[in-house]
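In: Next input, structure requested:
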Amino acid sequence: MKVAERVARMKESSTLAVAAKAGAMRKQGIDLVAFGMGEPDFDTPVAVKRAAERALDAGMTKYVPTPGTPEARAAVAAKLRTENGIDCAPGHVAITAGAKHALYLTLQALVDPGDEVVLPTPAWVSYRPLIELAGGTCIEVPGSLEHDFKVTPAQLEAAIGPRTVAVILNSPSNPCGIAYSPDEIRALCAVIERHPHVTLVSDEIYEKLVYPEIAPGLRHFSPGSVPAIAGRTVTLNGMSKAFAMTGWRIGYVCAPGDDGRFLDQLVKLQGQMTNNIPSFFMPAIVEALSPALVPEVESMRRAFAGRAALVTELLREIPRLRSVRSTGAFYAFPSVAACRGLRTPQGREIVDGTSYAEALLAEAHVAVVPGADFGACAADHVRLTFACQESEIRRGLDRIASFTESLR
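Out: Below is the predicted model:
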């Protein structure tokens, strides 16, 4: 059968590909340490599961409005107003099938063929394919390890042109494991303020995973709270990461600009695609965002902060790897550039992050994600996910240290 060219050109998600390889090796009985998938190892809070169970028992199994029930949308809007300082109403919110779906809908509603979307890199592997699927051109703005992978206002200014329709900002960052400070966010927002034809798409899926224990004073800051660009900011978020609900596929998008008219167009597209997510998930959203869940979410955040500190310490003890402190999300993104030109004990040559990751998996049985798909500037990097127990982190980093030391 014929395959549409736009789909044939699209790359497979490298994170999912690594997860598939790791799963196949485990089925063969191989003792593997997997640092590939960005998925918390905690279980969904019991109160959230019970809310969904009660909804099922009550017969909440029919269609609901495409963007979600009034109660769920109101809970999200209240959260965004009180926690993020975003002036929004329930009518500015749509509940989606995960934050990735929220991003897909946003780009489809924003981008026409030939439009440009500016993307600070290294960046999550799905941004570029979804920009291109919408017919847009991805303009990368490379961050550097020397500057904690953060782009500067001058870099952003230089990347914006007359065909730019959007800038995507992801803080805390996948794959870099860093978070921009409020002042750094404000400085980038000031650039966008000067370009009234540009929309800011703020992906805040890791917002609750910020670690002032590592970077004192650090806190999350939402661009949608900046009055000058609030009407041109689309905020994306969801329940997957902070609430350990990846398999639920619950995301949301908030777009208060034009009094919700952009959101109306996005929901029109959603109605032709998926309609509502499972209706009995709606009470679970309300429960997850209730004050009662704050202590449990904070407990998971503290655990991730401890793991971030451990990974940072252990990576710094490996001479051939260079990395920055992990101050947000649950990722580290070390450079393996110092390993280029060396060979493994089994004769594999290391030429970049991809060859390093392939050799590490084959010879040391540790799964990491190659950096190439995170941006052109990331080819010499690999991504480690530390969403696992500290004992597993130590075991995996010990193997990485031994493997890296063995290169000649």
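In: just the helices in this structure please.
Out: The residue ranges that make up the helices of the chain, judged by DSSP state H, are 5-8, 14-27, 46-57, 70-84, 99-110, 127-133, 153-159, 182-193, 261-273, 282-288, 294-316, 353-359, 390-406.
In: Residue 61 and residue 322, how far apart?
Out: 52 Å (Cβ to Cβ, to the nearest Å). Just so you know, the C-beta spots here come from the backbone N, C-alpha and C atoms, and that holds for glycine as well.
In: The two: who's more crowded?
Out: In this view residue 61 and residue 322 are compared by other Cβ atoms under 10 Å, and residue 322 has more residues nearby, 17 against 10.
In: Who does the residue lying closest to residue 400 once chain neighbours are set aside form a beta bridge with?
Out: Leaving aside its chain neighbours, residue 400 sits nearest to residue 366 (5.8 Å; criterion: Cβ to Cβ, 6 or more residues apart in numbering). On the basis of DSSP bridges, residue 366 is bridged to residue 33.
In: Tell me where the model's unsure across this structure.
Out: Counting by pLDDT under 70, the chain has low-confidence residues at 15.
In: Outline the domain layout of it.
Out: Residue ranges for each domain of the chain read 5-43+295-406, 62-290, as given by automatic domain parsing.
In: before we move on, back to that, reformat the helices of the chain as a markdown table; add distance to residue 252 and mean neighbour count.
Out: As requested, the helices of the chain are arranged in a markdown table below (distance: least, Cβ to Cβ, whole Å; neighbours: other Cβ atoms under 10 Å):
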| stretch | distance to residue 252 | mean neighbour count |
| --- | --- | --- |
| helix 5-8 | 27 | 9 |
| helix 14-27 | 22 | 16 |
| helix 46-57 | 15 | 16 |
| helix 70-84 | 5 | 19 |
| helix 99-110 | 6 | 23 |
| helix 127-133 | 17 | 21 |
| helix 153-159 | 26 | 16 |
| helix 182-193 | 20 | 18 |
| helix 261-273 | 11 | 17 |
| helix 282-288 | 8 | 24 |
| helix 294-316 | 16 | 17 |
| helix 353-359 | 33 | 22 |
| helix 390-406 | 31 | 17 |
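In: can you list those in a markdown table and add distance to residue 243?
Out: Rendered in a markdown table, the data for the helices of the chain read as follows (distance: least, Cβ to Cβ, whole Å):
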| stretch | distance to residue 243 |
| --- | --- |
| helix 5-8 | 32 |
| helix 14-27 | 20 |
| helix 46-57 | 7 |
| helix 70-84 | 12 |
| helix 99-110 | 12 |
| helix 127-133 | 23 |
| helix 153-159 | 31 |
| helix 182-193 | 23 |
| helix 261-273 | 22 |
| helix 282-288 | 5 |
| helix 294-316 | 7 |
| helix 353-359 | 29 |
| helix 390-406 | 21 |
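In: Right, I'll leave it there.
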